[in-house]
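Undergrad: Please work out how this folds:
(one chain, ligands or ions: 1)
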Amino acid sequence: MTAKFTPRVFSGMQPSGDLHLGNYLGAMKRWVDMQNAGTHETVYCMVDLHAITVWQDPAALARSTRELCAGFIAAGIDPEKSILINQSQVPEHAQLAWIFNCVARMGWMGRMTQWKDKAGKNAEAASLGLFAYPALMAADILIYHATHVPVGEDQKQHLELTRDIAAKFNHDYGVDFFPITEPVIEGAATRVMNLRDGTKKMSKSDPSDMTRINMTDDADTIARKIRKAKTDPDPLPDNLGGLDARPEARNLVNIWAALAETTPEAVVEANAGKLFGYFKQDLAEIAVEKLAPIADEMARLMQDEGEIDRILARGADRARALSAPVLEETYRIVGMVGR
Ligand code: TYM
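TA: This is a model prediction of the structure:
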């Protein structure tokens, strides 16, 4: 079904606070790999319209958006090779989202687990935007006719909904216009867990900073957080099965594998019999070596906000060359006069 479409990757991230290791390993690092593989066009996006589905202080939102852009570049996204954009600067995302609001069904949206988690018991007080969030996400992807979307595991359900929206649009209007996008959820770290509780995912919303590694943490902080990460008194087993009921230990093995670009099996084999005290020391070294240069580069880029804004303006121009014709054709298919 996606055969007639240009191989194109799209993915997005919210500028709503600190970037953490889960964002880096689950998404950004893999985006860089896909960019450098050269097999697909790549479009990467800061989703500021999604961020305001819950309250954002305006000054903080602007800062977080630029900081996220700096983070993308520091992690290896090259604004010449990839199209790097801020969502609100490409109006076709929001315009297509309106069409999709009229395609998606209330029942579909109500079943989204992220909606249920975020709205909680007080759904009446949640914004309408939070409910419609996944339709905007579908628009982000489909406005570029993207064929592949690399994300962490927590976005899987939203990508299934994106496929449902594309299929319903194509069916209702009798066209084969939108691709049925493939989620790309691969590698050792598609779900990086909380450092203090291996049953919860690492997230920016956890009140304790010790539960996550932020991409802006300095070397000492990274090392301290890994040293203090919860583990158990048993040494590492000699095969992965030995970590089945040890979620915290398994998480550290996955993090090591993703940072060192190897497999969890290989990490366990190489460290069999080691106590976690020593394992964590070695892991901290690997993490600092990989992450500290990114934090330094982010800080350097943040000193020139004008340059960040120029990069985003150029990205928006390039993006609109792709998005404007898709929106035009969508409007024509739907029957809107004027095209
Ligand atoms: P967001 O901003 O919550 O997260 C950005 C990316 O980071 C991944 N991620 C994780 N991966 C592994 N372990 C974790 N603990 C972890 N935490 C976050 C997420 O899976 C995601 O890939 N709705 C999206 C943003 C979005 C989007 C899109 C994504 C908007 N439009 C279109 C793809 C395509 C979100 O809130 O991601």
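Undergrad: Any chance you could note which residues of the protein sit beside the ligand?
TA: Proximity of the chain to the ligand is confined to 10-14, 22-23, 26-27, 47, 50, 137, 140-141, 149, 151-152, 154-155, 158, 189-192, 201-202 under the rule C-beta under 6 Å from any ligand atom. In short, each C-beta sits where N, CA and C put it, glycine included.
Undergrad: Sort out which of the residues you listed are in strands and list them.
TA: 10-13, 149 (DSSP state E).
Undergrad: Could you list the buried residues of stretch 27-45?
TA: 27-32, 34-35, 40-45 (16 or more other C-beta atoms under 10 Å).
Undergrad: Quick check: closest non-adjacent residue to residue 173.
TA: residue 333 (5.1 Å; C-beta to C-beta, 6 or more residues apart in numbering).
Undergrad: my bad, should have said residue 169
TA: Using C-beta to C-beta, 6+ apart, the closest residue to residue 169 is residue 103 (5.2 Å).
Undergrad: isn't residue 253 right up against residue 267?
TA: Yes. Using C-beta atoms under 8 Å, residue 253 makes contact with residue 267 at a distance of 5.1 Å.
Undergrad: And for the one residue in the stretch 1-150 of the chain that gets nearest to the ligand, the neighbour number?
TA: Residue nearest to the ligand within the stretch 1-150 of the chain (C-beta to the nearest ligand atom): residue 26, separated by 2.0 Å. Residues lying near residue 26 (other C-beta atoms under 10 Å) number 25.
Undergrad: again, but for residue 339
TA: 10.
Undergrad: Likewise for residue 163?
TA: 19.
Undergrad: Is there a quick PyMOL command that grabs whichever of the ones in strands among the residues of the chain next to the ligand are buried?
TA: Selection of the buried residues among those in PyMOL, burial being defined by 16+ other C-beta under 10 Å:
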select buried, resi 10+11+12+13+149
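Undergrad: nearest residue to residue 216 other than its sequence neighbours?
TA: residue 295 (5.4 Å).
Undergrad: ugh, wrong one, I meant residue 266
TA: Nearest non-adjacent residue to residue 266, counting by C-beta to C-beta, 6+ apart: residue 257, 7.1 Å away.
Undergrad: May I see the buried residues of the one helix or strand the one you found maps to?
TA: Here residue 257, judged by DSSP states H and E, is contained in helix 247-260. Buried residues in helix 247-260, counted by 16+ other C-beta under 10 Å: 247-260.
Undergrad: still on that earlier bit, my guess is the residue nearest to residue 216 contacts residue 217, does it?
TA: Yes. Residue 295 lies in contact with residue 217 (C-beta under 8 Å); the separation is 6.8 Å.
Undergrad: Point out where the stretch 201-339 of the chain drops to low pLDDT.
TA: Flagging of the stretch 201-339 of the chain using pLDDT under 70 yields an empty set of residue ranges.
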